[in-house]
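In: coordinates only, sequence not included:
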């Protein structure tokens, strides 16, 4: 993240604007709305700016505009909290920026991202609610287009709604027992009919519903904790379901697997606790018994717990084992399915797992050796017209291939390895069962191993990163 997002309180604070044209006018207009004390310096000043400086000041506002019609002087920086430079002379702009830097004053140079210490984002103003969109200075046009789209989705009265909610804070503190209970009250309020009533203009109806909810919450027994088992999908954060997103936003604590990406964890509520309980071959791991105990412990404390797993929690995710432990402990739970790796990665790799001309069945198999010595039905996996998908199979690839060949699979049956499926660094290697092992050296876990005639379609159907150099299938 190149920029730390922050909002400055400039009420009654001095801000220096250097430049007197149209861009400076836009900045001054915004700064005046923040009640800043704006000093503008420029040899030539637009008439609209002069008119703004000469108008009768609003007695209720702390802001003002003072204009000096001359060239910038270094002494103009004295006492400034922010500096915005908007002249047409690049060398002058950078000189002022360097002087500001030397004094520790944040500076924005319009259309010069490298020189700026802060940037001004596109703004959706529903005061006191502010939504800002920034592209890090890379594309103001894109930021503006995103703002246009968001404007249509954010109600005009949402700022008034925020002020109304602020008015309920003291009442909620007087009547509700703790922070967690108050947060749940406001979550229910914001998500429920009272919010819609207010947004629709029925403030009295909203107040009535809010008081009813407050009374119900205040007299209700302390909320019991629960666990939500959430499938994070195969990797691409946009494949997380809407229900999974809501669970992450509501969670007090999230226990996540090692392979759940930071991009998915970014969807979590900012003050939620994130705890990695991943397992890794040969590395530090959290045992299943420890994970079960953690889920029970935190849910017993009344917390909303999310157990976040890659793919789908019921497909080689040991989700059933965790729910059995919760059920035994009397902990309430629910499940949000995820797109399992085989389905998501097959789609992104361009490999349909079934096809009426090539495959009438698909079997998901774990590539790990069973501790009890049990083996899958190799003859069924090797049968014609079937697709086999091996999860976590890279480490045992040679053994898997040997078993398939031993049980009748033809050596020329198409096979594929897909590493980091659905992610920007996805790599696909296609070959035959007999030759696929030669491609494995260039890949790393997590890798999915797919065997079946459907793999032969990948050369035609591959689409994701197919032209970026990440797809190895043409050379494998």
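Out: Good, I have the coordinates. All values derive from a computational prediction rather than experimental measurement.

In: Flag the shaky bits of the stretch 151-300 of the chain, pLDDT-wise.
Out: 279-284 (pLDDT under 70).

In: For it, which segments are assigned as strands?
Out: 226-231, 253-256, 273-276 (DSSP state E, counting those that start in this stretch).

In: How far away from the center of its chain is the first one?
Out: Centroid separation between strand 226-231 and its chain, computed with C-alpha atoms, centre = their mean, to the nearest Å, is 18 Å.

In: Equivalent analysis for the last one, please.
Out: Shown here is strand 273-276, whose average C-alpha point lies 16 Å from the average C-alpha point of the whole chain (C-alpha atoms, centre = their mean).

In: got the contact list for stretch 341-350?
Out: 233-236, 239, 310-311, 315, 352-353, 362, 364, 389, 391, 416, 418, 421-422, 426, 428, 446, 448, 450, 457-458, 460-464, 466 (C-beta atoms under 8 Å, 6 or more residues apart in numbering). All C-beta atoms are positioned from the backbone trio N, CA, C, and that covers glycine.

In: What of stretch 187-201?
Out: Here stretch 187-201 makes contact (C-beta under 8 Å, 6+ apart) with 155, 157-158, 160-161, 164-165, 168, 203, 205-206, 209-210, 213, 217, 250.

In: For ChimeraX, what selects the buried ones among those residues?
Out: Only the buried entries of the contacts of stretch 187-201 go into this ChimeraX selection, using 16 or more other C-beta atoms under 10 Å:
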select :158,160,161,164,165,168,206,209,210,213,217,250
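
In: quick one on the thing from earlier: can you flag which of the contacts of stretch 341-350 belong to strands?
Out: Taking DSSP state E, the ones among those that sit in strands are 362, 364, 389, 391, 416, 418, 428, 448, 450.

In: Reformat those as JSON lines; add pLDDT and distance to residue 440.
Out: Listed next are the ones in strands among the contacts of stretch 341-350 as JSON lines, based on pLDDT from 0 to 100; distance: C-beta to C-beta, whole Å:
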{"residue": "362", "pLDDT": "96", "distance to residue 440": "22"}
{"residue": "364", "pLDDT": "97", "distance to residue 440": "20"}
{"residue": "389", "pLDDT": "97", "distance to residue 440": "16"}
{"residue": "391", "pLDDT": "94", "distance to residue 440": "15"}
{"residue": "416", "pLDDT": "97", "distance to residue 440": "11"}
{"residue": "418", "pLDDT": "97", "distance to residue 440": "12"}
{"residue": "428", "pLDDT": "96", "distance to residue 440": "13"}
{"residue": "448", "pLDDT": "96", "distance to residue 440": "12"}
{"residue": "450", "pLDDT": "98", "distance to residue 440": "13"}
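
In: got the residue ranges for the helices in the stretch 251-400 of the chain?
Out: 262-265, 288-300, 319-329, 341-349, 378-382, 397-406 (DSSP state H, counting those that start in this stretch).

In: Counting neighbours, what do you get for the residue nearest to residue 414 when sequence neighbours are not counted?
Out: Here the nearest residue to residue 414 in space, its sequence neighbours aside, is residue 455; by C-beta to C-beta, 6 or more residues apart in numbering that works out to 3.6 Å. By other C-beta atoms under 10 Å, the residues close to residue 455 number 29.

In: Now do residue 455 against residue 400, distance only.
Out: For residue 455, the distance to residue 400 equals 15 Å [C-beta to C-beta, to the nearest Å].

In: Residue 314 too?
Out: Distance from residue 314 to residue 400, by C-beta to C-beta: 23 Å.

In: more neighbours, the two?
Out: Counted by other C-beta under 10 Å, residue 314 and residue 400 do not tie: residue 400 has more neighbours, with 25 against 17.

In: Surely that one is in contact with residue 392?
Out: No. Counting by C-beta atoms under 8 Å, residue 400 stays clear of residue 392, with 10.9 Å between them.

In: Please enumerate the shared neighbours of the two.
Out: residue 367.

In: From the structure, what's the count of residues near residue 71?
Out: Counted with other C-beta under 10 Å, residue 71 comes out at 12.

In: Leaving out chain neighbours, which residue sits closest to it?
Out: Counting by C-beta to C-beta, 6+ apart, the residue nearest residue 71 is residue 43, at 5.6 Å.

In: Which of the three states applies to the one you found?
Out: With DSSP: H, G, I helix; E, B strand; the rest coil as the basis, residue 43 sits in coil.

In: just use 141 as the starting number from now, easier for me
Out: Happy to do that; since the first residue is 141 now, the last one works out to residue 183.

In: count of residues packed around it?
Out: By other C-beta under 10 Å, neighbour count at residue 183 equals 12.

In: One more: residue 356?
Out: Here the number of neighbours of residue 356 (other C-beta under 10 Å) works out to 11.

In: swap in residue 218?
Out: Applying other C-beta under 10 Å, we find 11 residues neighbouring residue 218.

In: per-residue pLDDT, it?
Out: For residue 218, the pLDDT comes out at 96.

In: Now the buried members of the contacts of stretch 481-490.
Out: Going by neighbour count (16+ other C-beta under 10 Å), the contacts of stretch 481-490 have 373-376, 379, 450-451, 455, 492-493, 502, 504, 529, 531, 556, 558, 561-562, 566, 568, 586, 588, 590, 597-598, 602, 604, 606 buried.

In: returning to that earlier point: between the strands of the stretch 291-440 of the chain, which one is nearest to residue 167?
Out: With C-beta to C-beta as the criterion, residue 167 lies closest to strand 413-416 of the strands of the stretch 291-440 of the chain, at 38.6 Å.

In: what sits up against that closest one?
Out: Outside strand 413-416, the residues that reach it (C-beta under 8 Å, 6+ apart) are 392, 393, 394, 395, 396, 397, 398, 405, 408, 426, 434.
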